[in-house]
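Asks: model this:
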Amino acid sequence: MFKKLIVASLAILTSLLVLTGCDSAKKENQITVGVAAGPYGDMFKQAIAPGLEKKGYHIEIREFSDYVQPNLALANKDIDVNLFQHLTYLNNFKQARNLDIIAIGFVPTAGAGIYSNKITDFSQLKQGDQVTISSDVTNEARALRILEAAGLIKLDANVDKNNLTPKDIIENPYGLEIVPIEAPQTPRSLDNVALSVVNGNYAIGAGLDLSKALYHEVLDKDHKNVIAIRAESKDSLGKDIIEVLQSPEFNQVINDKNGIFYTFQKPDYQLF
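Replies: All right, here's what the predicted structure looks like:
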């Protein structure tokens with residue numbers, strides 16, 4: 001009887017060790033991807049995840065409600081990848097927080113636009129009309145440059161273009177009141193203001209018709225979105241992601257004329 005108990009105990013222990021080993025292997029191949037509200041979670045699911053799954057990865061998508069937590073979560077190893085930000089935002093954020101995270105590849109990006117629920121042409125603006133823009137430093141400066149490109153304001157050319165604030169407006173013929181708010185709130189503000197500069201991902205997430213923007217941003221390289229990882233993962237996970245981004249399968253999903261990503265501005269330069 002005693003021998004039978006020992007044998008049974010050893011069998012259970014062996015089973016637990018095997019299961020533990022399986023769990024560990026699964027955890028090694030499990031990656032969590034951080035995205036913000038909008039289309040980039042769908043992009044990862046539809047265009048990138050299938051290629052990574054073929055390489056043996058198990059993928060979980062986690063959505064964040066702001067532009068701060070995805071980078072902190074990546075640096076803290078709560079997630080392994082994020083896709084939500086353009087290159088300038090990433091570089092400024094990681095420098096300010098001293099984070100060891102890097103961009104490994106550009107993805108097609110929906111540019112920002114100037115939207116309105118109240119007017120159909122800038123000539124209909126009235127003195128003192130309110131305009132909402134993103135309040136984070138990088139996208140605030142970006143939104144001001146968009147307003148200038150649309151001919152609505154003029155900015156001080158002596159100020160660094162990445163550090164512009166409403167205080168740097170030197171000409172404002174419509175007397176527009178610029179109201180910085182959190183980026184996810186910009187599309188929700190449209191019922192209360194004359195104009196809002198809305199980033200592409202939030203415009204799509206809110207169901208805005210990109211073609212109805214009164215002005216479309218022309219994206220430069222620094223403002224196209226990137227996939228970010230921890231620097232320590234560059235030669236493993238990073239290499240696998242780059243291979244997927246260069247694959248015919250990825251391009252097929254992106255270039256599908258019936259899909260949403262077909263309208264995005266495509267990178268015209270090499271990956272990192």
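
Asks: For residue 68, see how far away residue 148 is.
Replies: Separation of residue 148 from residue 68 (Cβ to Cβ, to the nearest Å): 26 Å. The C-beta positions use only the backbone N, C-alpha and C, and glycine is treated the same way.

Asks: Tell me which of the two has more neighbours.
Replies: More neighbours surround residue 148 than the other of residue 148 and residue 68, with 16 against 12 (other Cβ atoms under 10 Å).

Asks: Where does pLDDT dip in the protein?
Replies: Low-confidence segments of the chain (pLDDT under 70): 1-27.

Asks: any idea where the strands of it begin and end?
Replies: Under the criterion DSSP state E, the chain carries strands at the ranges 30-36, 58-64, 81-86, 101-106, 113-115, 130-134, 154-155, 169-171, 177-181, 195-198, 215-216, 225-230.

Asks: Could you measure from the spatially closest residue to residue 243 that is not a sequence neighbour over to residue 129?
Replies: Counting by Cβ to Cβ, 6 or more residues apart in numbering, residue 243 lies nearest to residue 51, which is 7.4 Å off, once chain neighbours are set aside. Using Cβ to Cβ, one gets 47 Å for the distance from residue 51 to residue 129.

Asks: Ok, residue 159 next?
Replies: For residue 159, the distance to residue 129 equals 24 Å [Cβ to Cβ].

Asks: the more surrounded of the two?
Replies: residue 129 (18 against 15).

Asks: Does the more buried one touch residue 173 like I think?
Replies: No - taking contacts as Cβ atoms under 8 Å, residue 129 lies outside contact range of residue 173: 11.7 Å.

Asks: and the closest residue in space to residue 121 that isn't next to it in sequence, what is it in contact with?
Replies: Leaving aside its sequence neighbours, residue 121 sits nearest to residue 214 (Cβ to Cβ, 6+ apart; 7.2 Å). Residue 214 makes contact with 113, 114, 115, 116, 119, 120, 121, 122, 150, 195, according to Cβ atoms under 8 Å, 6 or more residues apart in numbering.

Asks: Any figure for the gap between residue 214 and residue 66?
Replies: Taking Cβ to Cβ, one finds residue 214 at 26 Å from residue 66.

Asks: got it, and residue 182?
Replies: Distance from residue 182 to residue 66, counting by Cβ to Cβ: 7 Å.

Asks: show me the contacts for the closest residue to residue 171 other than its chain neighbours.
Replies: The spatial neighbour of residue 171 that comes closest, neighbours along the chain excluded (Cβ to Cβ, 6+ apart), is residue 154 at 3.6 Å. Residues counted as contacts of residue 154 (Cβ under 8 Å, 6+ apart) are 148, 169, 170, 171, 172.

Asks: Was I right to think the first one contacts residue 156?
Replies: No - assessed by Cβ under 8 Å, residue 148 is found out of contact with residue 156, at 10.4 Å.

Asks: Could you check how far the most centrally placed residue in the chain is from residue 54?
Replies: Note on the chain: the residue nearest the mean C-alpha position is residue 84, at 1.1 Å, using Cα atoms, centre = their mean. To residue 54, residue 84 is 24 Å away according to Cβ to Cβ.
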